[in-house]
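Enquirer: Provided below for reference: sequence and predicted model.
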Amino acid sequence: MIRVLFVCMGNICRSPTAAGVFRDAIARAGLGDTVVVESAGTHAYHTGDGADRRALRAAARRGIDLSHHVARPVERNDFLSFDYVLAMDRANYAHLLASAPSTCRARVDLVMTFAPEVGVAEVPDPYYGGGDGFDHVLDLVTVASEGLLIEVREALAHRRDPS
């Protein structure tokens, strides 16, 4: 089992979108039973809230369902139970590194690390912008999900045959 946690600030826009896109990619790849995908926020501003309505609409236009999302903050145990803890931007990445316990077993990284061909390090926060920002988030996390899927497949193969 591989566990992936996507992280943004409030856990209502970018990270639930990334989780939804990656869940869809995992399902299409036939790996739904071997990969767990969740999202969280570095700040507890929106704990218990659903995804932002604009994120819901943008994702739905692409066949991604975010309607069951419930925002939650990152917890100490996340660094121990997830294989990947992936931040949407540098500020949240720095927050994660500062919060990670010394026993952290997760790879803490920026999600766009998995899409170097795009030439973008961060997924911008669309919260205060127009609706097209949510489509841009979808574009970026879709490409990053493709790269992450390749790595997850390799990790799963290595776990099956560690030689």
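Expert: Thanks, I have the structure now. As the structure is a prediction and not an experimental result, all values here were calculated from the model.
Enquirer: span of stretch 85-92 from start to end?
Expert: The first and last residues of stretch 85-92 sit 11 Å apart, counting by CA to CA, to the nearest Å.
Enquirer: ok, now stretch 40-48?
Expert: Stretch 40-48: ends 11 Å apart by CA to CA.
Enquirer: shaky segments in the chain?
Expert: For the chain, the stretches flagged by pLDDT under 70 are 162-163.
Enquirer: now the strands: where do they sit in it?
Expert: For the chain, the strands defined by DSSP state E cover 2-8, 35-41, 84-87, 107-110.
Enquirer: would you mark the buried spots in the third one?
Expert: The reference is to strand 84-87. By neighbour count with 16 or more other CB atoms under 10 Å, strand 84-87 contains the buried residues 84-87. (Each C-beta comes from the backbone N, C-alpha and C, glycine too.)
Enquirer: how about TSV for the strands of the chain, with distance to residue 151 added?
Expert: TSV is the format used below for the strands of the chain (distance: least, CB to CB, whole Å):
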stretch	distance to residue 151
strand 2-8	9
strand 35-41	11
strand 84-87	8
strand 107-110	9
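Enquirer: most tightly packed of those?
Expert: Ranked by mean neighbour count, these are led by strand 84-87 with a mean of 27 (mean count of other CB atoms under 10 Å).
Enquirer: show me what the longest helix along the chain is packed against.
Expert: In the chain, assigned by DSSP state H, the helix with the most residues is helix 132-160. Counting contacts by 3 or more CB pairs under 8 Å, 6 or more residues apart in numbering; DSSP states H and E, helix 132-160 packs against strand 2-8, helix 14-28, helix 53-61.
Enquirer: tell me the contacts of the residue nearest to residue 152 when sequence neighbours are not counted?
Expert: Excluding its sequence neighbours, the residue lying closest to residue 152 (CB to CB, 6 or more residues apart in numbering) is residue 2, at 5.3 Å. Residue 2 makes contact with 34-36, 83-84, 152, 155-156, according to CB atoms under 8 Å, 6 or more residues apart in numbering.
Enquirer: in stretch 49-65, what counts as buried?
Expert: 50-52, 54-56, 58-59, 64.
Enquirer: er, stretch 150-163 I mean
Expert: 152-153.
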